[in-house]
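Student: I would like the atomic coordinates for the input below:
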Amino acid sequence: MRWFNLLTANIRKEYIELKRYLPNTLSMIITFYAIFLAMFFGIKLVGSPDSMDTNIQYVIVNYIFWYLAMQVMNFIGWEITNEAMRGTLEQLYMSPMGAWRILLNRLAGSLLINISIIIALLFISMLTAGQWLNLNPITLLPILLVTLVSMFGTSFIVAGLSIIFKQVNAFLQILQFILMGLTFIPLTVAPYLAFAPFVKGIDLMRNVMIYHMSLTDFGLMDYAILIGNAIAYFAIGSLIFLKCEKIAMKKGLLGHY
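Tutor: Just a heads-up that it's a prediction; the model follows:
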């Protein structure tokens, strides 16, 4: 019950902030839609007519998951930086629920709120391009949920660095372009990226959405990499975050920006 209350409280918090700062929310959505338009018209101008439809579908899928990856993996880092700037970071550690539980539920709440924005961007992009992807939830949801676990783990790695260094805005901005590269580069070009966080999951979902593949079309090795990747990065992320917490507490960094 405590976990449920914590989650609902953070969902309300994220909704109120998006609504209260509506111009910022709208500008973010418009900016990402403009990025898609730039990619779309770029392909229309210089792309090969023979593969144009497939290339446009690739762009839609990749840019949607790039947006998702940024929302998930940068979120806690930005939150810790903002809490430190407001002088409220130390208060999170005074909660009986513990800071990591609050941040995890805040991340989950943000994801649940932003998933509606992601779905809206997806359908607007498909309508704009005239390309309709396979959105079978029975196939996509299991892969997406496992992929999100690895994203959550990587997010906690960023969060751990944020607790110690506080001002990591430049790193988070650079991380956006790293995430773009991981999202857009297919595994057929760089197979070793399958062991990077979330890349295998996005590759599987891309095959489902573009090539209409189902869960039975993937092999045991695909699932082993997907699940192993999620477990490994979540475990590594949690350990790094807890270690950084101890360092910050030992050095008295929680109350300083």
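Student: Glu14 is in contact with Arg106, correct?
Tutor: Yes: here Arg106 reaches Glu14: they are 7.3 Å apart, a contact under Cβ atoms under 8 Å. For every residue, glycine as well, the C-beta is placed using N, CA and C.
Student: Which strands and helices lie in contact with the worst-scoring helix or strand of the chain on mean pLDDT?
Tutor: Here the helix or strand of the chain ranked lowest by mean pLDDT, DSSP states H and E is helix 89-92, holding a mean of 77. The helices and strands touching helix 89-92, judged by 3 or more Cβ pairs under 8 Å, 6 or more residues apart in numbering; DSSP states H and E, are helix 75-86, helix 99-129.
Student: Pick out the shakiest of the ones you listed, pLDDT-wise.
Tutor: Of all the helices and strands packed on helix 89-92, the minimum mean pLDDT falls on helix 75-86 (a mean of 80).
Student: got the contact list for the residue most central in space within the chain?
Tutor: The centroid of the chain falls nearest to Ala69 when counting by Cα atoms, centre = their mean (2.4 Å). With contact taken as Cβ atoms under 8 Å, 6 or more residues apart in numbering, Ala69 is in contact with Met151, Leu179, Leu182, Thr183, Phe198.
Student: which of the residues in the helix or strand where the third one lies are buried?
Tutor: Spelled out, that is Leu182. Using DSSP states H and E, the element containing Leu182 is helix 169-184. Buried positions in helix 169-184, judged by neighbour count with 16 or more other Cβ atoms under 10 Å: Leu172, Leu175, Leu179, Met180, Leu182, Thr183, Phe184.
Student: The closest residue to the last one other than its chain neighbours: what's it in contact with?
Tutor: This points to Phe184. Nearest residue to Phe184 in three dimensions, chain neighbours excluded: Asn62, at 4.7 Å (Cβ to Cβ, 6 or more residues apart in numbering). Listed by Cβ under 8 Å, 6+ apart, the contact set of Asn62 reads Thr183, Phe184, Ile202, Arg206.
Student: show me where pLDDT drops low in this protein?
Tutor: Low-confidence segments of the chain (pLDDT under 70): 47-48, 255-257.
Student: quick one on the thing from earlier: between the buried residues of helix 169-184, which is nearest Pro137?
Tutor: Thr183 (21.0 Å; Cβ to Cβ).
Student: which secondary structure element contains the residue nearest to the closest one when sequence neighbours are not counted?
Tutor: Leaving aside its chain neighbours, Thr183 sits nearest to Trp66 (4.3 Å; criterion: Cβ to Cβ, 6+ apart). According to DSSP H and E, Trp66 maps onto helix 52-73.
Student: roughly how far is that helix from the heart of the chain?
Tutor: 12 Å (Cα atoms, centre = their mean, to the nearest Å).
Student: In it, which residues are buried?
Tutor: 55-73.
Student: Using TSV, lay out the contacts of Ala69 together with distance to Leu215.
Tutor: Putting the contacts of Ala69 into TSV (distance: Cβ to Cβ, whole Å) gives the following:
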residue	distance to Leu215
Met151	20
Leu179	26
Leu182	23
Thr183	22
Phe198	18
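Student: Tell me the one of those residues nearest Leu37?
Tutor: Thr183 (18.0 Å).
Student: isn't that closest one right up against Phe65?
Tutor: Yes: using Cβ under 8 Å, Thr183 is in contact with Phe65, at 5.2 Å.
Student: Since that was my last question, I'll sign off now.
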